[in-house]
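Engineer: With the sequence up front, the predicted model follows.
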Amino acid sequence: MAPASTLAAGSVGSIETQYLDLPNPVQLDCGRALHPIRVAYETYGTLSAARDNVILVCHALSGDAHAAGFSKTPADDSTRDGFAAEDRDGTVGKGLGWWDGMIGPGKAFDTDHYFVVSTNLLGGCRGTTGPSSIDPATGKPYGSDFPVITVADMVRTEHAFLDVLGIERLAAVAGGSLGGMQALEWAILFPDQVDAIVVIASTHALHPQGVAWNAIARDAIMRDAAWQDGHYYGTGRSPSAGMGVARMVGHVTYLSAPALSERFGRRLQYADDIRYTITDAEFEVESYLRHQAASFVKRFDANTYLYTSRALTYFDLARQYGGGSLAQAFGDVSARTLLIAFSSDWLYPPSASKEIEDALRAAGKPGEFHMIEAPYGHDCFLLEEGRQTPLIRRFLAEASSTSKKLTSKKRLS
């Protein structure tokens, strides 16, 4: 992990989140049309005159639009609150973007060459319209009346947002975890508008074990009496207890057994021996999980967690687009694909990325897969930035060269 003293190197500087209201409704997979929609976003770098150097960065479940640089108005609790965040960030972490080590001059997504765009996804609670937003039909927050959304709905919203900015083509779409799912959706839904995708620690469909863990997390929220069928806004009560348990469950799935053993072992938190209590956090790992829960509930909306979790469990490219065949789902894809996975990630295992690579090859599509040996589980995509960077920089350079050659051929013909 990079020491805190290196984090400012290559920074995009001080950043302020912006907001854009979409002019038209977005048609959703559930059959409803959603309007109005506000999108929170940030941009880094300079847009080229030809508008052909845009990279869209998509975030994971608990992220937001603030992907890089130092926020001009830092939140009380940072999105960089994952495994070993204090070790990684030191005292500067609160205002840093969640992927700051990857976005900036000379970094993986090099803002000396690319115009990087990051949005908060549809259903979010960090500036983009979601369950905590006001329903124009009632004048009150949507709560559980918010429409059930899919990853494809998130991508359609991003597409509508870029249309307003006048961006018609993307040099790349990139993201880890749920962000990688969005990148794959982009390649399928808008094949003529995406040159490349970078899919990190992700999958074409969440494995049954992942579906199960997400179900437990959602149940923890909905079984909290303070959830109030999703209409807890303004009542003075919120499902913090259930949300805390959901975060504990989710956080454990992001880690690996070796990482937990190395960091915590079976060390006791407060005493030299056990104290025979069922209520106190006796072990360091228990205290750590409680800390994660307490931090998370301060910055994240429980309904957003429910909706986003459901969206990622619905995601299944073979079912959605291939009649059960993943290769068929990729039939119209034209984007070059970079897949990166991590050896210790059991939630989004390397086998899922290998299945994507095999399906791309079967469909005659360009793709490459790299597995990085690392011990931190799913959180590796946030921690192993230095080892991902050369892979991504080389891939984007090759993708840019290929795109220019194809453009030149089209002009000649």
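Structural biologist: Arrived safely.

Engineer: CA atoms of stretch 239-258 as CSV?
Structural biologist: What follows is stretch 239-258, C-alpha atoms only, in CSV (Å, rounded to 0.1, in the frame of the first residue of the first chain):
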residue,chain,number,x,y,z
PRO,A,239,-32.5,1.8,10.3
SER,A,240,-29.0,2.4,11.5
ALA,A,241,-28.7,-0.9,13.3
GLY,A,242,-29.8,-2.9,10.3
MET,A,243,-27.6,-0.8,8.0
GLY,A,244,-24.6,-1.4,10.3
VAL,A,245,-25.1,-5.1,10.2
ALA,A,246,-25.4,-4.9,6.4
ARG,A,247,-22.1,-3.0,6.2
MET,A,248,-20.4,-5.6,8.4
VAL,A,249,-21.6,-8.4,6.2
GLY,A,250,-20.6,-6.6,3.0
HIS,A,251,-17.3,-5.6,4.3
VAL,A,252,-16.3,-9.1,5.3
THR,A,253,-17.1,-10.3,1.8
TYR,A,254,-14.7,-7.7,0.4
LEU,A,255,-11.8,-9.1,2.4
SER,A,256,-10.0,-12.4,2.5
ALA,A,257,-9.2,-14.8,5.3
PRO,A,258,-5.4,-14.2,5.0
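
Engineer: ok now it, how far from the chain's centre?
Structural biologist: In terms of C-alpha atoms, centre = their mean, to the nearest Å, the centre of stretch 239-258 is set 16 Å apart from its chain centre.

Engineer: Please point out which parts of that stretch sit buried.
Structural biologist: 239-256 (16 or more other C-beta atoms under 10 Å). All C-beta atoms are positioned from the backbone trio N, CA, C, and that covers glycine.

Engineer: Stretch 47-67 now?
Structural biologist: Neighbour counts over stretch 47-67 (16+ other C-beta under 10 Å) mark 47, 52-67 as buried.

Engineer: average pLDDT for stretch 71-79?
Structural biologist: Stretch 71-79 carries an average pLDDT of 74.

Engineer: Regarding it, how distant is the last residue from the first?
Structural biologist: Stretch 71-79 stretches 12 Å from its first residue to its last (C-alpha to C-alpha, to the nearest Å).

Engineer: picking up where we left off before, which ones among the buried residues of stretch 47-67 are found in strands?
Structural biologist: Judged by DSSP state E, those include 54-58 as members of strands.

Engineer: Tell me the one of those nearest Arg319?
Structural biologist: Nearest to Arg319 among these, counting by C-beta to C-beta, is Cys58 at 21.0 Å.

Engineer: dump the residue contacts of the closest one.
Structural biologist: 118-119, 121, 154, 158, 173-175, 178-180, 182-183 (C-beta atoms under 8 Å, 6 or more residues apart in numbering).

Engineer: Apply 6 Å and report the result again.
Structural biologist: 175, 179, 182 (C-beta atoms under 6 Å, 6 or more residues apart in numbering).

Engineer: What values do phi and psi take at the last one?
Structural biologist: Translated: Gln182. The phi and psi values for Gln182, taken as degrees, to the nearest 10, are phi -60, psi -40.

Engineer: tell me which element Leu382 is part of?
Structural biologist: Following DSSP states H and E, one finds Leu382 within helix 380-383.

Engineer: All the helices of this protein, residue numbers only.
Structural biologist: Here the chain has its helices, by DSSP state H, at 85-89, 151-165, 178-189, 208-222, 240-254, 257-263, 284-299, 302-314, 317-321, 326-329, 350-362, 380-383, 385-412.

Engineer: so which of those comes closest to Gly139?
Structural biologist: The closest of these to Gly139 is helix 302-314. By C-beta to C-beta, the value is 17.7 Å.

Engineer: Next, the angle from that closest one to helix 151-165.
Structural biologist: 110 degrees (axes from the mean of the first three to the mean of the last three C-alpha atoms, to 10 degrees).

Engineer: Output helix 302-314 as CSV, restricted to C-alpha atoms.
Structural biologist: This file holds the C-alpha atoms of helix 302-314, laid out as CSV (Å, rounded to 0.1, in the frame of the first residue of the first chain):
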residue,chain,number,x,y,z
ALA,A,302,-30.1,2.5,3.7
ASN,A,303,-32.6,2.6,0.8
THR,A,304,-29.8,3.3,-1.6
TYR,A,305,-28.0,0.3,-0.3
LEU,A,306,-31.1,-1.8,-0.9
TYR,A,307,-31.7,-0.6,-4.4
THR,A,308,-28.1,-0.8,-5.5
SER,A,309,-27.6,-4.2,-4.0
ARG,A,310,-30.7,-5.5,-5.8
ALA,A,311,-29.5,-4.0,-9.1
LEU,A,312,-26.2,-5.9,-8.9
THR,A,313,-27.9,-9.2,-8.1
TYR,A,314,-30.2,-8.8,-11.1
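
Engineer: gap between it and the chain center?
Structural biologist: How far helix 302-314 lies from its chain's middle: 12 Å, per C-alpha atoms, centre = their mean.
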